[in-house]
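Novice: here's my sequence, what's the structure:
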Amino acid sequence: MYLHSSDRDNTTRYPALDQMTDNPFHLWEDHSKDSSMLTSASGILSDEQFDIILPFMIYTSQLINNCAIIANSLIIAVNVKLGFSEPSNISLTALAICDFTLAVLFTWTNLCNWLTYHNVRLPFHGANVSFLTGGAQSAFLSTTIAWITAFVSFERCLCILVPLKVKRLITPRGTFVAILIIVLLTFCPSFSIYMTYKFVWVFNPHLNVTILNTIPLNSKFAKQFDKISIVICGVIQPLLAFSIVLICTVLLVVQLRKISSWRMSVTSAKRQWVQPEENPAASLSAAGARMSQKEERLVRMVVAIATIFIMSYIPICIGLLCGVLIDRFDLYGAYSRIYIVSGYIVSLGQPISGSVNILIYYRMASKFRSVFRRLVRLDRQEQERNELE
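Specialist: Below you'll find the model as predicted:
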């Protein structure tokens, strides 16, 4: 979930520490200002509905995150054993590392929110600190995942469009450099959040304790920088990557259908097919139209990965547009409860996609399946079972 703070001064009090309320799930609401607006927003989601929905979303999110952590750990382990002589292994490993890191960041955010909801006395403001140490990074990392998926899809398109030149264009070293550039341009800007927000120690007079909190910097440069970074990194980059994935996936699907049609025609005319020596032009045409079974399996796997990514990223794109088009659609705005719940719903797409990828690799990649079975010792278990029988 992508949370962000509102403008507060250094004397902001943390409700979870000020008093043990009967409604611990409302700790984000800022009663120091715009209280009438926040009260009107409660008509969209009542206290009772909010108290039921939000814990359910936290537990559901964490369950999926646990699956993503386990699945991507196995993907990374298998790809390391396979080696990185193939460019596709490098990009898919980078994708798994990003999915794993994203699930860890979500886990940290969920933990802070869960402790906050249960009024656990933390030495820091759970929601605000988790935003600067996990929420902001997860938002940027989602963009990194989108661009790596776009790169994988584009790579497969090149294999189809220029099959004779692709090995010179896409090399292991070139793939590594491309992934590194993507990370630098999409994930590293997440640390720029510390140019617009900072950590502060806030004294709580009710409990006589000092907790770590965050406040936005009120300088004109910080505000302008924040707006520009949100538009570029939070809207333009994700939507552009999503468009590239969508276009490349459509091209790959069209090409796969052409290949299937070509193979059907070859099968139906198999007995009448001329030998290469008799018709070199026909042989050359066939070689250009067909694709090796290995390449075709890889293309189908990339199409499956991209399709799942598109399905999981559509809600994120809708959420990004809502944040830009709807006024006060933020953590402390008039629609704060809807923002929080929808943020959790939207953020489920990425870990789900990261969890499902291992099933795609296992189903469509024979080398991955073989190494995976040896890694988890499934082959040995089947062999022992057969010997007992």
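Novice: shaky segments in this structure?
Specialist: Low-confidence segments of the chain (pLDDT under 70): 1-44, 263, 266-294, 323-324, 328-334, 378-389.
Novice: what sits against V162?
Specialist: V162 makes contacts with L169, as judged by Cβ atoms under 8 Å, 6 or more residues apart in numbering. (C-beta placed from N, C-alpha, C; glycine too.)
Novice: next one: phi and psi at it?
Specialist: In terms of degrees, to the nearest 10, the main-chain angles of V162 are phi -130, psi 70.
Novice: next one: Y197
Specialist: Residue torsions, per degrees, to the nearest 10, at Y197 are phi -130, psi 160.
Novice: so I211 is in which element?
Specialist: Taking DSSP states H and E as the criterion, I211 maps to strand 209-216.
Novice: next, count neighbours for P172.
Specialist: Look at P172: counted by other Cβ atoms under 10 Å, it has 15 neighbours.
Novice: that one contacts P87, correct?
Specialist: Yes - the criterion here is Cβ atoms under 8 Å, and P172 meets it with P87 at 5.4 Å.
Novice: what sits against Y361?
Specialist: 75, 78, 92, 301, 368-369, 372.
Novice: ok, it to I305 distance?
Specialist: Y361 sits 9 Å away from I305, going by Cβ to Cβ, to the nearest Å.
Novice: let's verify D327: helix, strand, or coil?
Specialist: coil (DSSP: H, G, I helix; E, B strand; the rest coil).
Novice: what about it, how many residues close to it?
Specialist: 9.
Novice: quick one: it from Y335, how far?
Specialist: From D327 to Y335 the distance is 9 Å (Cβ to Cβ).
Novice: got it, and K81?
Specialist: For K81, the distance to Y335 - Cβ to Cβ - is 48 Å.
Novice: tell me which of these two has more neighbours.
Specialist: Y335 (21 against 13).
Novice: wait, the more buried one touches I326, no?
Specialist: Yes - under the criterion of Cβ under 8 Å, Y335 makes contact with I326 at 7.1 Å.
Novice: my reading is that I182 lies in a helix. Confirm?
Specialist: Yes - counting by three-state DSSP, I182 falls inside a helix.
Novice: which SSE is the residue nearest to it when sequence neighbours are not counted in?
Specialist: Spatial nearest neighbour of I182, excluding adjacent residues (Cβ to Cβ, 6 or more residues apart in numbering): W147 at 4.7 Å. Under the criterion of DSSP H and E, W147 resides in helix 136-161.
Novice: in that helix, which residues are buried?
Specialist: 136-157, 159-160 (16 or more other Cβ atoms under 10 Å).
Novice: with stretch 84-96 instead?
Specialist: If you call a residue buried by 16+ other Cβ under 10 Å, then stretch 84-96 has these buried ones: 86-96.
Novice: now it - C-alpha only, PDB.
Specialist: Output of stretch 84-96 as PDB, limited to C-alpha atoms (Å, rounded to 0.1, in the frame of the first residue of the first chain):
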ATOM      1  CA  PHE A  84      23.400 -16.500 -16.800                       C
ATOM      2  CA  SER A  85      24.800 -17.400 -20.200                       C
ATOM      3  CA  GLU A  86      21.300 -16.700 -21.600                       C
ATOM      4  CA  PRO A  87      20.100 -13.100 -21.600                       C
ATOM      5  CA  SER A  88      16.600 -14.200 -20.700                       C
ATOM      6  CA  ASN A  89      17.900 -15.800 -17.400                       C
ATOM      7  CA  ILE A  90      19.400 -12.500 -16.400                       C
ATOM      8  CA  SER A  91      16.200 -10.400 -17.000                       C
ATOM      9  CA  LEU A  92      14.000 -13.000 -15.400                       C
ATOM     10  CA  THR A  93      16.300 -13.300 -12.300                       C
ATOM     11  CA  ALA A  94      16.200  -9.500 -12.000                       C
ATOM     12  CA  LEU A  95      12.400  -9.600 -12.200                       C
ATOM     13  CA  ALA A  96      12.300 -12.200  -9.400                       C
END
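Novice: off-centre distance for that stretch?
Specialist: 17 Å (Cα atoms, centre = their mean, to the nearest Å).
Novice: contacts for that stretch?
Specialist: Contacts for stretch 84-96 (Cβ under 8 Å, 6+ apart): 72, 75-76, 79-80, 82-83, 145, 148-149, 151-152, 155, 170-172, 174-176, 179, 183, 298, 354, 357, 361.
Novice: now intersect these with the helices, please.
Specialist: Among these, DSSP state H puts 72, 75-76, 79-80, 82, 145, 148-149, 151-152, 155, 172, 174-176, 179, 183, 298, 354, 357, 361 in helices.
Novice: right, I'll call it a day here.
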